[in-house]
Every structure is written in C-alpha cells, then in structure tokens.
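Chemist: Kindly return the folded structure for what I paste below:
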Amino acid sequence: MTLVTPTLHTARLRLRPFADADAAPLYALHSNTDVMRYWDSPPWTDPARAERFLTTCRTMADEDAGVRVAIERASDGAFVGWCTLTGWNPEYRSASMGYILNEAMWGHGYATEAAHAVLRWGFDTLDLNRVQAEADTRNVASARVLEKMGFVHEGTLREDCVVNGEVSDSWVFGLIRREWRP
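Modeler: Residues are numbered from 1 along each chain as shown. As a prediction, the model looks like this:
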C-alpha cells in the first residue's frame, strides 16, 4: 500500500496535507516557548525550519513512513496545529501518533477531535493493530487526551530527553485495535 496524506473532516476541523502557505503559521507554532515546553526539541529560531518541515512531511508520505496533516478550524480556516502517524510498519500493522497545537487552541477539545479522526483513518485505511504515543510526564493535558481516546499507559521512559539542558521522562501509551472505541 502506498501512503497518501488524507483530507479528513470532523464536526469542527479539517485535517489536510500541508501547503507552502503553512510555513508562517508553522514557524509561529514551533517558535513558541510555551508550546514547545514539553517537546523533544527546542523552539525554532530560524524561519527556514518551517520550509524544511514541509519538505519532511512530503518525504515521509512519499517514502511510506507516515503522514502528517495540518489541522485547521472548519469555521474560519484558522491554523490549529498538526497531527501525525509516523513509523508506519505495514508488516506489524503499527504506527506512532503525535500532535501539537497552537496555544490559543488549547482547552477546546481540538487535540482529541483531530487525533480521533487520524486514528479512525489509521485503523480503517492502514489496517493498524497498534498505535503508540509518548508524552512528557509533566504534560498531564496531553496524557488526558490520549486516555480519552482509549490509550493505556504502558510505562515510563526515564530521562529519555534532554532539551535545553533539561532532562525529562516520557510516558508511553498504547492503543490496540480491539480496544479502540470509534
């Protein structure tokens, strides 16, 4: 199977392939220190990073490694963030999920709504059996999003990230197809 980045619709969101016009909002998102606080890389300081990110998104799908979709609000087209399935392994029917949202979009249920749509696509289209996700142990809000979707906390990776000199642990979550509640 060849991966094609989908366009997905929910009640409030549109998830779509990235476009060149997304470079500016991507840079704004990834250069925000609050947004990147629990991320495994420091905030961006070079706007050219957004262009490289867009190239990586296209390459990921071209190489059948995963997909990353831009999330926009359906009502006004506002850039919300992005969601991804990476490390797709068709033999093991597995992938890893990730997402990141603009700070102004936090607390509105957009992460759960977007991730749910991507999971549905992954289970239905890619025939996934397992999806894994990780969250910094200090990022309780992200852990809640995963648990709302049925992910189970499977363990802790101790001191697995060092960003800006700060060591952090990550929780590992897993969702198995038979436990998925669409």
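
Chemist: mind listing what the closest residue in space to residue 127 that isn't next to it in sequence touches?
Modeler: Spatially, and ignoring its direct neighbours in sequence, residue 127 is nearest to residue 93 (5.9 Å; C-beta to C-beta, 6 or more residues apart in numbering). From N, CA and C alone the C-beta is placed, and that goes for glycine too. Listed by C-beta atoms under 8 Å, 6 or more residues apart in numbering, the contact partners of residue 93 are 126-130.

Chemist: Residues in a beta bridge with residue 99, which ones?
Modeler: residue 83 (DSSP bridges).

Chemist: Check which helix or strand residue 174 maps to.
Modeler: Using DSSP states H and E, residue 174 sits in strand 166-176.

Chemist: What segments of this protein are strands?
Modeler: Taking DSSP state E as the criterion, the chain carries its strands at 8-9, 13-16, 67-73, 79-89, 94-101, 130-136, 152-163, 166-176.

Chemist: Using CSV, lay out the ones you listed together with mean pLDDT, mean neighbour count and distance to residue 27.
Modeler: As requested, the strands of the chain are exported to CSV (pLDDT from 0 to 100; neighbours: other C-beta atoms under 10 Å; distance: least, C-beta to C-beta, whole Å):
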stretch, mean pLDDT, mean neighbour count, distance to residue 27
strand 8-9, 98, 14, 24
strand 13-16, 98, 20, 19
strand 67-73, 97, 23, 13
strand 79-89, 97, 21, 11
strand 94-101, 98, 21, 13
strand 130-136, 97, 20, 22
strand 152-163, 93, 12, 18
strand 166-176, 96, 17, 23
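
Chemist: could you redo the ones you listed as JSON lines and give each row distance to residue 48?
Modeler: Output for those, formatted as JSON lines (distance: least, C-beta to C-beta, whole Å):
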{"stretch": "strand 8-9", "distance to residue 48": "29"}
{"stretch": "strand 13-16", "distance to residue 48": "23"}
{"stretch": "strand 67-73", "distance to residue 48": "18"}
{"stretch": "strand 79-89", "distance to residue 48": "18"}
{"stretch": "strand 94-101", "distance to residue 48": "19"}
{"stretch": "strand 130-136", "distance to residue 48": "26"}
{"stretch": "strand 152-163", "distance to residue 48": "20"}
{"stretch": "strand 166-176", "distance to residue 48": "25"}
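
Chemist: Residue 55: which of the ones you listed is closest?
Modeler: strand 67-73 (11.6 Å; C-beta to C-beta).

Chemist: Contacts for that closest one, please.
Modeler: So strand 67-73 is contacted by 3, 5-8, 12-19, 22, 57, 60-61, 78-86, 88, 99, 101, 105, 110, 114, 118 (C-beta under 8 Å, 6+ apart).
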